[in-house]
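Participant: Okay, structure incoming, though there's no sequence with it:
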């Protein structure tokens, strides 16, 4: 009845080492997943799918990738947008250049290519760290921006790098309606989140966290920094690359390099920091916050303008929007520097004692 | 040969302008350990304020003197930048003392968004002209040495000169004044500086003010070159490789780094660009900085990084 683990005794190692050790958590997660698969498609209209839910799912996946690198391995990256671009364009090339390539396989292969690119551009992390590394990862961002704009082979000779694909197909299921797209992304996200949750509590995840907390000390106790750092770059880029491929294939349908610009990289980093570094759930909170906030601000500003009888021009709305967005981010960082995930876990601690706090 | 020299000198001059933006980063990083992503937004904000006030002030006062109008506009913009600096310290940084680097970085990004937005809300978002009487016509030099001489843009020359003067003034300020000594003390060790009675809060305001002034100078120079417009905010992105190349904590590093990046960019664009389709200068600078970093992880003049467990 209450949220608490009194009286739940673990009698086997298996039950002690489950992902969600408390049954209430387990049931809550299962209920959320079931609701997402069954309830939401029945309740939600097309606009919500297109504008909020599909972007939310895909960007959550990307934020998950960034969180693995930034939150768990402590390597700040500003090149996440580039990884998305590599994933998207690689998947595009696999799809159109190889006859009969299944779309899902193309997406995953795109992720693999992004992982390789991530390792290459992550290599400086072995030599530099902190802010120097953050700026070094910008190199990846600008290089790939340029490459997809100028090197025609990547984009099948399309002008200005804009490419488009038809509706994709999964074992005879044509993914065309927003509901289909939503379910497809949701399926991938659930699988990848479970994998991430398991990765970060396994041996490799503990190595990442040791490197994050202090890399010299980690080296002293026998963790190979090269293996740990580069594997974090690879896994993270794989996640981000898959998200990029989904963003292109499922959400946009046709896209150009500007879809994965440096602003996207900043946005992903915002998600991780506002959501909570080093918490899987944080990626979802952050993605929800960043996806919903601009839409909410946009609606609010038109409404507020209406109250005062002022016709608010579109340019003004967009300027005030980024202004409020910036201010809110600063506000959030001041109020809760550890992110929404920390608020959530404090709330949970409180709930465990409620209603008898002593 | 003369073409090569032209490119080289062009590179050196644009490098000087990069170092101007880079200086802003270095000043703030040295004194407060904040990597200020908002520097580009500050440049944009200063340029917009300069452009608009030089347009508005003659209207308000009903005068017709371009020189006076510019002078007043510079003064007003400087006051505006001081206000911005004070507000940033008061409202944001004060509450984020002792946070992690990544959090501070994100906070300055948020400030950057805010400044972008509010600047364009107040001052408008068109392209505005800044006319401070910079000479526009190119001149020929060294005609006796080379056949045909070297074509040099006078505007770049003046800009580089102003940048050099600013650097000189900053150096004197840091080395010779009491405030400058206090700033260097804070940069060396926050706690020690605090324990001998240097007020940290005031020092940070001063540093942000100085960074605001360099942003204003950079904004005026870049703005009279390109017009005061949104793309000025991206100048900061061009200055990042300069900062990491020179070392985050070194003023001479920012200048030398700027020159290296400026020359590297121009030469690569002219001699390498045609083979790969052009437009490579933006990432070439980063690659150049990366190669340097592989050999010296702390940048050219940065403090040596010592690892201790």
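Facilitator: Arrived safely. Source: prediction; values computed, not measured.

Participant: Residue ranges in chain A under the pLDDT threshold?
Facilitator: Along chain A, the model assigns pLDDT under 70 to residues A:1-2, A:172, A:309-312, A:357-358.

Participant: show me where it has strands.
Facilitator: A:163-164, A:168-170, A:173-175, A:254-255 (DSSP state E).

Participant: Of all the ones you listed, which one is nearest chain B?
Facilitator: Of all those, strand A:163-164 sits nearest to chain B, with 17.7 Å by C-beta to the nearest C-beta. The way it works is simple: take the backbone N, C-alpha and C, and place the C-beta from them, glycine included.

Participant: re the thing from before, so can I have JSON lines of the strands of chain A showing mean neighbour count and distance to residue A:348?
Facilitator: Output for the strands of chain A, formatted as JSON lines (neighbours: other C-beta atoms under 10 Å in any protein chain shown; distance: least, C-beta to C-beta, whole Å):
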{"stretch": "strand A:163-164", "mean neighbour count": "16", "distance to residue A:348": "45"}
{"stretch": "strand A:168-170", "mean neighbour count": "17", "distance to residue A:348": "37"}
{"stretch": "strand A:173-175", "mean neighbour count": "14", "distance to residue A:348": "36"}
{"stretch": "strand A:254-255", "mean neighbour count": "16", "distance to residue A:348": "39"}
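
Participant: Save the ones you listed as CSV, and put in distance to residue B:21 too.
Facilitator: As requested, the strands of chain A are exported to CSV (distance: least, C-beta to C-beta, whole Å):
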stretch, distance to residue B:21
strand A:163-164, 35
strand A:168-170, 44
strand A:173-175, 46
strand A:254-255, 32
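
Participant: Among these, which comes closest to residue A:50?
Facilitator: Ranking the strands of chain A by proximity to residue A:50 (C-beta to C-beta) places strand A:173-175 first, at 13.8 Å.

Participant: Which elements pack onto that closest one?
Facilitator: strand A:168-170, helix A:178-201 (3 or more C-beta pairs under 8 Å, 6 or more residues apart in numbering or on different chains; DSSP states H and E).

Participant: Mind putting those into a markdown table with distance to residue A:125?
Facilitator: Shown next, in a markdown table, are the helices and strands packed on strand A:173-175 (distance: least, C-beta to C-beta, whole Å):
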| stretch | distance to residue A:125 |
| --- | --- |
| strand A:168-170 | 34 |
| helix A:178-201 | 18 |
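
Participant: Of all these, which one is nearest residue B:257?
Facilitator: helix A:178-201 (37.8 Å).

Participant: surely residue B:94 meets residue B:201?
Facilitator: Yes: between residue B:94 and residue B:201 there is a contact under C-beta atoms under 8 Å: 6.7 Å.

Participant: Which neighbours do the two have in common?
Facilitator: By C-beta atoms under 8 Å, 6 or more residues apart in numbering or on different chains, residue B:94 and residue B:201 have no common neighbours.

Participant: Turn the helices and strands packed on strand A:173-175 into TSV, including distance to chain B.
Facilitator: Below are the helices and strands packed on strand A:173-175 laid out as TSV (distance: least, C-beta to the nearest C-beta, whole Å):
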stretch	distance to chain B
strand A:168-170	31
helix A:178-201	18
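
Participant: now for those, which one comes closest to residue B:271?
Facilitator: strand A:168-170 (43.8 Å).

Participant: Is residue A:149 in contact with residue A:162, as I believe?
Facilitator: No: Residue A:149 lies out of contact with residue A:162 (C-beta under 8 Å); the separation is 10.0 Å.

Participant: Now for residue B:259: which residues touch it?
Facilitator: When contacts are counted by C-beta under 8 Å, 6+ apart, residue B:259 touches B:11, B:12, B:15, B:16, B:19.

Participant: Inside helices: which ones of those residues?
Facilitator: In helices, judged by DSSP state H, the following of these are found: B:11, B:12, B:15, B:16, B:19.

Participant: Can you check the pLDDT for the last one?
Facilitator: Model confidence at residue B:19, expressed as pLDDT, equals 84.

Participant: sec struct for the closest residue to it other than its chain neighbours, please.
Facilitator: Closest residue in space to residue B:19, ignoring its immediate chain neighbours: residue B:258 at 2.8 Å, by C-beta to C-beta, 6 or more residues apart in numbering or on different chains. Classification of residue B:258 using DSSP: H, G, I helix; E, B strand; the rest coil returns helix.

Participant: where exactly do the helices run in the stretch 51-200 of chain A?
Facilitator: In the stretch 51-200 of chain A, the segments counted as helices under DSSP state H, counting those that start in this stretch are A:54-66, A:80-97, A:103-122, A:131-150, A:178-201.

Participant: The longest one - contacts with which helices or strands?
Facilitator: Okay, so that is helix A:178-201. So helix A:178-201, by 3+ C-beta pairs under 8 Å, 6+ apart, packs with helix A:40-43, helix A:54-66, strand A:173-175, helix A:203-213, helix A:225-246, helix A:280-307.
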